[in-house]
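Novice: got a predicted model here, sequence first, then my questions.
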Amino acid sequence: MESVLKGQIAIITGASSGIGAGVAKSLAAAGATVVVNYPVEATKPAADEVLKEITDAGGTGIVAQCDVSKEDQVIKMFADVVAQFGTVDILVNNAGLQRDAKFDEMTLDQWNTVINVNLTGQFLCAREAIREFLRRGPRPEVSVATGKIICMSSVHELIPWGGHVNYATSKGGIKMLMQSLAQEYGDRKIRVNSICPGAIQTPINRAAWETPQALNSLMTLIPYNRIGQPQDIGNLAVFLSSDLSDYITGASIFIDGGMTVFEGFSTNG
């Protein structure tokens, strides 16, 4: 991939697996120095493996432990990255999880865990990124924009999802967080956008694609008739991080094989 991100520093949260790992590899291939964030010590080997794939392919980066729902850890991660590399140019707010339950059986802990990581985590990381963008100002030698934030949302910022109310609520909140930040900081040339994946083949949704029967059922929701891959999301993240997308901010970009055109209505519902 062309080095459209050469000289830029990118933090990707939740990058030890799944979509985050795919995004980290794609940004590194495009020339960025990547920070592969992982949440707890148990996930460090996976983060190390992602970084090894990146460096083996000629890319550069580091791993960084941080639970994005913890303010002190987020502040430290950003401070450490700035101390080592001088600044941050790109934040991909990807860390997220699910704690599924029927709503009438959902515990407060299940609710709080998802909201704290998926939504509060994006607030904390975006706040530190914007503070850094404002501190150092423009870097026209690497980008027209002063800084770029990509919020990892979901088709479920649009599509309700029974049995996953905490998750869908977090993604709806991300939409307003993203748009409000784009509005507030656009005049400082800070661009903020969301990527909204549909069904992507990652461990978090293994039950939806692991068997032929499950995959066939999933295809009834996807007009393009294939499941997405982390690299699909990575390719879009490179575009949104680059000056090729300089006039795009405040946008939710759905990357879902057409899921949000509601395939079930193709034959009258």
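Specialist: Arrived safely, thanks for sending. Computed from a prediction, not measured in an experiment: that's the story for all the values here.

Novice: so which residues of the stretch 151-269 of the chain form helices?
Specialist: Listed in chain order, the helices of the stretch 151-269 of the chain (DSSP state H, counting those that start in this stretch) span residues 165-185, 212-219, 230-241.

Novice: from these, which stretch is densest packed?
Specialist: helix 230-241 (a mean of 23; mean count of other C-beta atoms under 10 Å). (Each C-beta comes from the backbone N, C-alpha and C, glycine too.)

Novice: which strands or helices does that helix pack on?
Specialist: For helix 230-241, the elements it packs on are helix 18-29, strand 90-93, strand 147-152, strand 190-197, strand 252-255, judged by 3 or more C-beta pairs under 8 Å, 6 or more residues apart in numbering; DSSP states H and E.

Novice: highest average neighbour count across those?
Specialist: Of the helices and strands packed on helix 230-241, strand 90-93 is the most buried (mean count of other C-beta under 10 Å), at a mean of 29.

Novice: parallel or antiparallel, which strands does that strand pair with?
Specialist: Partner strands and pairing direction for strand 90-93 (DSSP bridges) are strand 9-12 (parallel), strand 147-152 (parallel).

Novice: what angle separates the helix or strand following it from helix 165-185?
Specialist: Toward the C-terminal end, the helix or strand that comes next after strand 90-93 (DSSP states H and E) is helix 108-115. Relative orientation of helix 108-115 versus helix 165-185 (axes from the mean of the first three to the mean of the last three C-alpha atoms, to 10 degrees): 40 degrees.

Novice: any idea which helix or strand comes after helix 108-115?
Specialist: Per DSSP H and E, the first helix or strand lying C-terminal to helix 108-115 is helix 121-136.

Novice: residues contacting G162?
Specialist: F103 (C-beta atoms under 8 Å, 6 or more residues apart in numbering).

Novice: no no, D109
Specialist: Neighbouring residues of D109 by C-beta under 8 Å, 6+ apart: R99.

Novice: likewise K102?
Specialist: Each residue near K102 by C-beta under 8 Å, 6+ apart is listed here: G163.

Novice: now it: how far from L108?
Specialist: 15 Å (C-beta to C-beta, to the nearest Å).

Novice: distance to E210 and mean pLDDT added to the helices and strands packed on helix 230-241, as JSON lines?
Specialist: As requested, those are exported to JSON lines (distance: least, C-beta to C-beta, whole Å; pLDDT from 0 to 100):
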{"stretch": "helix 18-29", "distance to E210": "15", "mean pLDDT": "98"}
{"stretch": "strand 90-93", "distance to E210": "27", "mean pLDDT": "99"}
{"stretch": "strand 147-152", "distance to E210": "22", "mean pLDDT": "99"}
{"stretch": "strand 190-197", "distance to E210": "18", "mean pLDDT": "99"}
{"stretch": "strand 252-255", "distance to E210": "22", "mean pLDDT": "98"}
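
Novice: dead centre of this protein: give me the residue that sits there.
Specialist: Note on the chain: the residue nearest the mean C-alpha position is N94, at 2.7 Å, using C-alpha atoms, centre = their mean.

Novice: where in this structure is the helix or strand with the lowest mean pLDDT?
Specialist: Lowest on mean pLDDT, DSSP states H and E among the helices and strands of the chain sits helix 212-219, with a mean of 93.

Novice: now it, how far from the chain's geometric center?
Specialist: Taking C-alpha atoms, centre = their mean, to the nearest Å, the mean C-alpha location of helix 212-219 is offset from the chain mean by 25 Å.

Novice: ditto for stretch 104-116
Specialist: 21 Å.

Novice: so for it, mean pLDDT?
Specialist: Stretch 104-116 shows an average pLDDT of 98 in the prediction.

Novice: buried set for it?
Specialist: By 16 or more other C-beta atoms under 10 Å, the buried positions in stretch 104-116 come out as 106, 110-111, 113-116.

Novice: D232: which of these is nearest?
Specialist: Taking C-beta to C-beta as the measure, V114 is the one of the buried residues of stretch 104-116 closest to D232, at 24.2 Å.

Novice: distance of that closest one from V165?
Specialist: Relative to V165, V114 is positioned 9 Å away (C-beta to C-beta).
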